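Peer 1: Build me a model:
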Amino acid sequence: MRLCRCLPVFLAFGTLLRAHPQQNTSVPAAPTDSPSDSFFIEKEKADWDALKRKDKVAASHLLADDFVGMYDVGLLNKSKWLSQIDDQYSVDDYAITETKVLHPSPTTALLLYTATCKGTGAWAEFCSHTTRVSDLFVQQNGEWLDLFSQDTVATSGEQDETRVFIQVLAKEREIQEAQKHNDWSHFADLLSDDLVAIDEDGIIGKKELLEEIKAAEIRFSDYKMEEVRTIPDGNGAIVAYKQTLVGTEHGKPFTRHIYTHSHWQRRGDKWLLTMFQDSTTRASFR
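Peer 2: You can find the predicted model right below:
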């Protein structure tokens, strides 16, 4: 759970950068048998999503009444944390990576992970850092709740890497938005002239890709990015994720589910997409 150290009374929040066009407002229900590791990761994402939406009710349901957050400013209880969800900030994106779940007992689980985010206002400074986070979940009256959280800011070398990740994720979302709004001129501007595009049909370049899009009369209406991972690579980074695309092709509606990765490089003062590879899932078309 992460803490924004820039507010007069500090924000605590326990969960990076994957943004979703439509957030799930439901709180994950506790399973009847022993929860999987992914259950606690989804709990933590629900924390982040509540912060993004500024949803105090959802956030309250995720925290134990005796919740304690321990940060460099001291200890914060549940009510103080909830009181800091206001209009003085925005969190636009986040990522949770390097997750590990420990199970000290059948009724406790300790989630460890690395968090990054992109924010404005009161969260702009905080989101410029990489943070190591630990959250202790306990089972109380049949529910799994966040009882304790602690943050540790990563080293300066990691901060430089984080800034690259934030910039590259922003470019990936920018190209997705260009597709969503069918702005193919801007889409083309984000591609390098030596682009390599790979899918099940083969390998093509920038010119061929744009010609295929035009010939297929593709029109996108929505998209979603899930399970986002960023990987450093020379003077750029690779963004890998599960993608859902909604739109029409030759006037016929489609929903496609794709595993994809994009390679972004800084060339001069611009970030350009130099390579991407798509692998459609078995349930991609309907």
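
Peer 1: Could I get the full set of helices for the stretch 101-250 of the chain?
Peer 2: 156-180, 184-189, 206-216 (DSSP state H, counting those that start in this stretch).

Peer 1: Can you find the helix or strand in this structure with the smallest mean pLDDT?
Peer 2: Least confident element among the helices and strands of the chain, by mean pLDDT, DSSP states H and E: strand 11-13 (a mean of 36).

Peer 1: Can you name the next helix or strand after that one?
Peer 2: Later in the chain than strand 11-13, the nearest helix or strand by DSSP states H and E is helix 37-53.

Peer 1: what's the next secondary structure element after that following helix?
Peer 2: Using DSSP H and E, the helix or strand that follows helix 37-53 in sequence is helix 56-62.

Peer 1: just checking, what packs against that next one?
Peer 2: Here helix 56-62 touches helix 37-53, helix 78-82, going by 3 or more Cβ pairs under 8 Å, 6 or more residues apart in numbering; DSSP states H and E. C-beta coordinates here come from the backbone N, C-alpha and C atoms, glycine included.

Peer 1: on contacts alone, who are the packing partners of the last one?
Peer 2: For helix 78-82, the helices and strands in contact under the criterion 3+ Cβ pairs under 8 Å, 6+ apart are strand 11-13, helix 56-62, strand 63-71.

Peer 1: change it to 10 Å
Peer 2: Secondary-structure packing of helix 78-82 (3 or more Cβ pairs under 10 Å, 6 or more residues apart in numbering; DSSP states H and E): strand 11-13, helix 56-62, strand 63-71, strand 143-153.

Peer 1: Deepest-packed of these, please.
Peer 2: strand 11-13 (a mean of 27; mean count of other Cβ atoms under 10 Å).

Peer 1: thinking again about what came up before, for Gln84, find the nearest of the helices of the stretch 101-250 of the chain.
Peer 2: Distance to Gln84, taken as Cβ to Cβ, is lowest for helix 156-180 among these, at 22.8 Å.

Peer 1: what sits opposite the closest residue in space to Ser279 that isn't next to it in sequence in the beta ladder?
Peer 2: Distances taken as Cβ to Cβ, 6 or more residues apart in numbering put Tyr259 closest to Ser279, at 4.7 Å, once the chain neighbours are dropped. Beta-bridge partners for Tyr259, by DSSP bridges, are Lys242, Ser279.

Peer 1: What is the neighbour count of Tyr259?
Peer 2: Counted with other Cβ atoms under 10 Å, residues neighbouring Tyr259 total 15.
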